[in-house]
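Trainee: I would like the atomic coordinates for the input below:
(2 chains)
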There are 2 protein chains.
Amino acid sequence: METTVTRRRGRPPKQAGGYSETREALLRAGMVILTQKGFSATGLDEILRSISVPKGSFYHYFESKEGYGLELIDTYAAYFARKLDRFFLDETRRPLVRIRDFVQDAKAGMARFNYTRGCLIGNLGQEMGALPEDFRERLSKVFADWEARLEKCLLAAKALGEIPASVDCARLAKFFWTGWEGAVLRAKLECNATSLDLFAESFFSLVSRAR
Amino acid sequence: METTVTRRRGRPPKQAGGYSETREALLRAGMVILTQKGFSATGLDEILRSISVPKGSFYHYFESKEGYGLELIDTYAAYFARKLDRFFLDETRRPLVRIRDFVQDAKAGMARFNYTRGCLIGNLGQEMGALPEDFRERLSKVFADWEARLEKCLLAAKALGEIPASVDCARLAKFFWTGWEGAVLRAKLECNATSLDLFAESFFSLVSRAR
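Mentor: Numbers count the residues shown, from 1 in each chain, chains lettered A, B, ... in the order given. Down below sits the predicted model:
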């Protein structure tokens, strides 16, 4: 899922130096805009303008808007998988605390951008009715990946006796990501973290009392 | 929230007869398309074409695409409020069963259109980053209305001892609609009802074991 271009920290240069730098800058700019507005409402011109890449040069870097969108899904998925690993595999924390840590980080991330940026996968999933059909499997696979990562963390919680042995961790993980996307939607709409807190607390309540 | 035009049952005439009939047909066609694709990805031409209204005559009926969008929110909200009342106020059923009835009806509704139609409010809420700012309050109010209607049903359940007296019904209602929108998103993406069932079952599990 990783892109092969070299990653640089910080803001991309106004006039990107080489082909791969510009390509990477286009992917980063696309991720920012798509977490805000989704795919359909985003024009390529807007993305190009945001990083001062000449209008019309897009097809030098990507074969189509659709191909670019698919690559943005992969890039975002890789970024998010690294984030999830950072939290869910943190052996210094108890498994359920790791999930709480992720929630706190997500809340801080949304607050930092005044709740204008949500989830790229949720945005595109919501607008699937307007997207090319091959986006569907790609988006579904990302959710499946997040579910698998969370399930492992929940299994670790079960092994430590943090949650009852009878809990179906795969099912619980699917419930989490399903409801979480709804909570992110509401957080963006209402410009606050109420829905994120409400969903997370309900989730932990369900986990701790699961039979 | 009700529109003042006369409502007719059935398919609108191919050549709508009068001003109010055409206006109503445009609202109905818009609701169908927006539950599928949201606002940004929908062109006015597409809506006009779907009911054979001449291209270019849109502004005869609505002052702007934005004004039309706001009216679509109100029309959908009125339609959905009637639906919720039909279920949540059904005195022949126990309160928690009424909520289950709503879930079953929603599942059947999504299946009937092969999971292509979701929730207009969820779609527009998700794409709020690309919508005019005055959509925000309008959409938030619709969620608040749904929460209030569900809260009443949950309070009825509490009065009958179906759920513990200590439950915060307003909070539980907000949790329901937050997670439900996530479940509808996933149902559209995955073209099946798995997420709707999963969320509903988790909700009822939470309700029955709430402290």
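
Trainee: Please make it C-alpha for all contacts and neighbour counts, starting now.
Mentor: Fine.

Trainee: contacting residues around stretch A:187-206?
Mentor: A:100, A:103, A:107, A:111, A:114-118, A:176, A:179-180, A:183-184, A:186, B:125-126, B:128-129, B:136, B:140, B:171, B:175, B:178-179, B:202, B:205-206 (CA atoms under 8 Å, 6 or more residues apart in numbering or on different chains).

Trainee: any chance you could map the strands in chain A?
Mentor: For chain A, no strands turn up when DSSP state E is the criterion.

Trainee: where in it is pLDDT low?
Mentor: Scanning chain A for pLDDT under 70 picks out A:1-16, A:210-211.

Trainee: what about 80?
Mentor: The model of chain A has pLDDT under 80 over residues A:1-17, A:209-211.

Trainee: near chain B, which residues of it?
Mentor: By the rule CA under 8 Å from any CA of the partner chain, the part of chain A lying against chain B is A:36-38, A:40-41, A:116, A:122-123, A:125-130, A:136, A:140, A:171, A:175, A:178-183, A:185-186, A:188-190, A:195, A:198-199, A:202, A:205-206, A:209.

Trainee: List only buried entries from those.
Mentor: A:36-38, A:40-41, A:116, A:122-123, A:125-130, A:136, A:175, A:178-183, A:185-186, A:188-190, A:195, A:198-199, A:202, A:206 (16 or more other CA atoms under 10 Å in any protein chain shown).

Trainee: Now do A:Arg93 against B:Asp45, distance only.
Mentor: 55 Å (CA to CA, to the nearest Å).

Trainee: Likewise for A:Val103?
Mentor: Separation of A:Val103 from B:Asp45 (CA to CA): 42 Å.

Trainee: buried ones in the helix ranked longest in chain A?
Mentor: When chain A is parsed with DSSP state H, its longest helix is helix A:134-159. If you call a residue buried by 16+ other CA under 10 Å, then helix A:134-159 has these buried ones: A:135-136, A:138-139, A:142-143, A:146-158.

Trainee: Quick check: A:Leu155 touching A:Cys169?
Mentor: Yes: taking CA atoms under 8 Å as the definition, A:Leu155 is a contact partner of A:Cys169 at 6.3 Å.

Trainee: I'd assumed A:Cys153 was in contact with A:Leu89.
Mentor: Yes: assessed by CA under 8 Å, A:Leu89 is found in contact with A:Cys153 at 7.3 Å.

Trainee: nearest spatial neighbour of A:Leu96, skipping sequence neighbours?
Mentor: Distances taken as CA to CA, 6 or more residues apart in numbering or on different chains place A:Ala157 nearest to A:Leu96, at 6.2 Å, with adjacent residues excluded.

Trainee: and that neighbour, what is it in contact with?
Mentor: Per CA under 8 Å, 6+ apart, neighbours of A:Ala157: A:Arg94, A:Pro95, A:Leu96, A:Ile163.

Trainee: Nothing else from me, thank you.
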